[in-house]
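> pasted the sequence and its predicted model underneath.
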Amino acid sequence: MQWLLQAIYPDTCLSCGELSGSYGGLCAACWRDTRFITGLICDRCGTPLPGDEDANEGNPLTCDDCLRIARPWARGRSAMVYKGNGRRIVLALKGADRGELAHGAAHWLARAAVPIWEERMLIAPVPLHWIRLFQRRYNQSGLLASALAKEFGAPYCPDLLTRPRRTPRLEGMSAESRFSTLQDAIVAHPKRRHRMAGRKVLLVDDVMTSGATLAACADTCLAHGATEVNVATLARTVKDD
């Protein structure tokens, strides 16, 4: 029966739609153009770092940005670099009505997030303002967070945080402007905030650039009793190699 289903519904590439040979995977061409983050990384934001991973085993490192910018979260991981096919996947998930991408992407995100995952950690997405949610019809970070929670068998709260104040798009802003724009823009849901009190939270987003959005979310969680916040994003922007 399995071979019959495979013949009728062959596995296709999540990115381009060509035959991939594996469920929820990528074809060979898209795989080559997707830079998954492996090796030596920053323990705070997950960005790749130069150097030999074996030489630094057991010694968490921090990138220059995380040394310079205060991060309210403890640890962070990203699955891929926001470049090439990684960027195309994120943009398709975010703006091309490709919500089904979240299920396949959750496998990659779970693999990246294993080192920062702990039992009973509450998973929650970065929220969208209701107008943007209405326009897009779904929160791409919510789809990722939901799929990740299923991967880990973890508790999930889709509306732990809300975004009552609509902010302009952050693309093109400086890091300072991003942090200023998001000041007090994200709050805890009054009927959900008790769920984070006294426990650790894993925040999920589609992409990290400056970290301003995740910082605003983490600050809110900590202000309402979360003992620690970690972050996981599908993709991470990096400085030019």
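Perfect, thanks for sending it.

> domain parsing of this protein, as residue ranges.
Structural domains assigned to the chain are 1-32, 33-236, following automatic domain parsing.

> rebuild those domains as TSV, extending it with mean neighbour count.
Every C-beta, even on glycine, is put in place using the N, C-alpha and C of the backbone. Output for the domains of the chain, formatted as TSV (neighbours: other CB atoms under 10 Å):
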stretch	mean neighbour count
domain 1-32	14
domain 33-236	18
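
> tell me where the model's unsure across the protein.
1-10, 19-24, 53-58, 96, 168, 240-241 (pLDDT under 70).

> can you give me the helices for it?
Here the chain has its helices, by DSSP state H, at 2-8, 28-32, 64-68, 85-95, 101-113, 130-136, 140-152, 175-181, 212-223.

> looking at those helices, spot the one closest to Pro190.
Comparison of the helices of the chain against Pro190 by CB to CB identifies helix 212-223 as nearest, at 12.2 Å.

> so what touches that closest one?
70-73, 76, 124, 126-127, 160-161, 170, 175, 178-179, 181-183, 185-188, 196, 201, 203, 205, 208, 229, 231, 233 (CB atoms under 8 Å, 6 or more residues apart in numbering).

> now do stretch 164-177
Residues outside stretch 164-177 that contact it (CB under 8 Å, 6+ apart): 69, 129, 131-132, 178, 181-182, 184-185, 187, 209-210, 212-213.

> please tell me how far Ala112 sits from Arg68.
According to CB to CB, to the nearest Å, Ala112 stands 24 Å off from Arg68.

> on that earlier part again, would you check which pair of the contacts of stretch 164-177 lies furthest apart?
Ile69 and Ile131 (29.0 Å).

> need the nearest residue in space to Ala197, chain neighbours excluded.
Gly225 (3.4 Å; CB to CB, 6 or more residues apart in numbering).

> that neighbour: what's it in contact with?
Applying CB under 8 Å, 6+ apart, the residues near Gly225 are Arg193, Met196, Ala197, Gly198.

> distance of it from Lys200?
To Lys200, Gly225 is 11 Å away according to CB to CB.

> and what of Gln183?
Taken as CB to CB, the span from Gln183 to Lys200 is 25 Å.
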